[in-house]
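# Sequence plus predicted model, see below.
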Amino acid sequence: MSGSLLRMYLWDLVGHDTSEGSLRSGLADDLAAIMRSVEPLLVRRVGFAVRIVEVVSRMSVFHLDAVHVPTGREWLGRRDIYGGVFWEARYRPVDPGVVYHLAASHDSSAVAS
């Protein structure tokens, strides 16, 4: 048995206007598959950008249920001027308060297709 935690990826496709909010979102364990599945949505201008956040599952001390804790690694995908998608890898320091906000705002049963 391995001592490492299973990495998962929360993703969120946002619209062109802030009033649109999140158009689609999901949770999956294959980063490359998520990127491949959302790129056509960006190219067809269904959404403006995709944010993918790497998370690990942990137990919440507040409600004794699993929550997804960000590791700090994330990717931002946007259309480029050549008709493709540009991915920017970023590292964001983890704020413990974000953990419960992310858990409440995403449906853990959603899966990237």
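Perfect, thanks for sending it.
# can we go C-alpha only for contacts and neighbour counts from here?
Fine.
# Lowest mean pLDDT among the helices and strands, pick that one out for this structure.
The helix or strand of the chain with the poorest confidence is helix 96-105; it has a mean of 52 (mean pLDDT, DSSP states H and E).
# Okay, now the sheet partners of the top strand by length along the chain, with direction.
The residue-count maximum for a strand in the chain (DSSP state E) belongs to strand 66-79. Applying DSSP bridges to the sheet, strand 66-79 is found paired with strand 49-59 (antiparallel), strand 85-91 (antiparallel).
# Send me the last one as PDB with only the CA atoms.
I take that to be strand 85-91. Below are the C-alpha coordinates for strand 85-91, written out as PDB (Å, rounded to 0.1, in the frame of the first residue of the first chain):
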ATOM      1  CA  VAL A  85      -6.000  26.700 -26.100                       C
ATOM      2  CA  PHE A  86      -3.200  28.100 -24.000                       C
ATOM      3  CA  TRP A  87      -2.600  26.400 -20.600                       C
ATOM      4  CA  GLU A  88      -0.900  28.300 -17.800                       C
ATOM      5  CA  ALA A  89       0.400  26.200 -14.800                       C
ATOM      6  CA  ARG A  90       0.400  28.100 -11.500                       C
ATOM      7  CA  TYR A  91       1.100  27.500  -7.900                       C
END
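# got the buried residues for that strand?
85, 87 (16 or more other CA atoms under 10 Å).
# Check stretch 39-47 too.
Those would be 39, 41, 42, 43, 46, 47, for stretch 39-47 by 16+ other CA under 10 Å.
# now, among those residues, which is nearest to residue 8?
Comparing the buried residues of stretch 39-47 against residue 8 with CA to CA places residue 39 closest, at 18.8 Å.
# Figure out the helix or strand that that closest one lives in.
helix 31-43 (DSSP states H and E).
# how close does residue 60 sit to residue 16?
Going from residue 60 to residue 16 by CA to CA, to the nearest Å gives 34 Å.
# what residue ranges in the protein are flagged as low confidence?
The model of the chain has pLDDT under 70 over residues 1-5, 95-113.
# can we see that at 80?
For the chain, residues meeting the criterion pLDDT under 80 lie at 1-5, 18, 20-21, 59-65, 93-113.
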